[in-house]
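**Q** Quick check, what structure comes out for this input:
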Amino acid sequence: MNEIKNKVSESGLIQLDLVDFKPKSPIEEIDITHQLWQGLVLKEKDFRQWIKENNWAAYEGHGVCILCSADAIIPTWAYMLIASALAPFATDIVAGTKDELEKEIIRKNISNIELSAFTDRKVIVKGCSDIAFPEFAMICLLNRLQPVVQSIMYGEPCSTVPIYKRPKQI
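**A** Next comes the predicted model:
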């Protein structure tokens, strides 16, 4: 009887799943609205006291987004003070929404890919991934890998859509 061969594993194709790039740590939100005096303005003295008394260690290992959901003008230094207090604890900090933080983490994770493993290789980006922003992640991945790979395909090994193929050198 003939041995069954896995032609996909023998082909040298590298399969990537976008789920590998999504945030692995919890994402938290800090809304400055709760620190506004009468829901309108930020009082520096009170805000600095809140910064001093808040338990920032509770954000250990978390991604944190800082925003103001109220229609108020927040001075830039307020975001900086919170970020400074979070820096020893949080893994990632952005001024913006949870979606913006998740995208930033995806971009960071993709930018940390070791390119040498992909040089002159054929890559398939898995079609069905459990990730919130697949189009965003795919474009980041394409931008990162296209300069070094031989080709990029989308889908599954049995049915792929060609995305990029390096032109042959003459």
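**Q** Summarise which helices and strands the longest helix along the chain is packed against.
**A** Identified as the longest helix of the chain according to DSSP state H is helix 98-111. Using 3 or more C-beta pairs under 8 Å, 6 or more residues apart in numbering; DSSP states H and E, the elements in contact with helix 98-111 are strand 27-31, strand 63-67, strand 92-95, helix 134-145. Any C-beta I mention is one placed from the backbone N, CA and C, and that applies to glycine too.
**Q** Make a markdown table from those and add mean neighbour count, mean pLDDT and distance to Gln169 to it.
**A** Converted to a markdown table, the helices and strands packed on helix 98-111 look like this (neighbours: other C-beta atoms under 10 Å; pLDDT from 0 to 100; distance: least, C-beta to C-beta, whole Å):
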| stretch | mean neighbour count | mean pLDDT | distance to Gln169 |
| --- | --- | --- | --- |
| strand 27-31 | 16 | 97 | 45 |
| strand 63-67 | 22 | 98 | 43 |
| strand 92-95 | 19 | 97 | 40 |
| helix 134-145 | 18 | 95 | 19 |
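**Q** how about a markdown table for these, with distance to Asn55 added?
**A** Output for those, formatted as a markdown table (distance: least, C-beta to C-beta, whole Å):
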| stretch | distance to Asn55 |
| --- | --- |
| strand 27-31 | 12 |
| strand 63-67 | 13 |
| strand 92-95 | 16 |
| helix 134-145 | 33 |
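**Q** which stretch among the ones you listed comes nearest Thr76?
**A** Minimum separation from Thr76 across the helices and strands packed on helix 98-111 (C-beta to C-beta) falls at strand 92-95, 8.7 Å.
**Q** Which other helices and strands does that closest one contact?
**A** Partner elements for strand 92-95 (3+ C-beta pairs under 8 Å, 6+ apart): strand 63-67, helix 76-86, helix 98-111.
**Q** Quick check: can you name the pairing partners of that strand and their directions?
**A** strand 63-67 (parallel) (DSSP bridges).
**Q** Can you tell me which of the helices and strands packed on strand 92-95 is packed in deepest?
**A** Stretch with highest mean neighbour count among these: strand 63-67 (a mean of 22; mean count of other C-beta atoms under 10 Å).
**Q** Save the helices and strands packed on strand 92-95 as TSV, and put in distance to Ser129 too.
**A** Putting these into TSV (distance: least, C-beta to C-beta, whole Å) gives the following:
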stretch	distance to Ser129
strand 63-67	19
helix 76-86	29
helix 98-111	11
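**Q** hey, which helix or strand in this protein has the poorest pLDDT?
**A** helix 7-10 (a mean of 51; mean pLDDT, DSSP states H and E).
**Q** re earlier: between helix 134-145 and the longest helix of the chain, find me the angle.
**A** Interaxial angle, helix 98-111 versus helix 134-145 (axes from the mean of the first three to the mean of the last three C-alpha atoms, to 10 degrees): 30 degrees.
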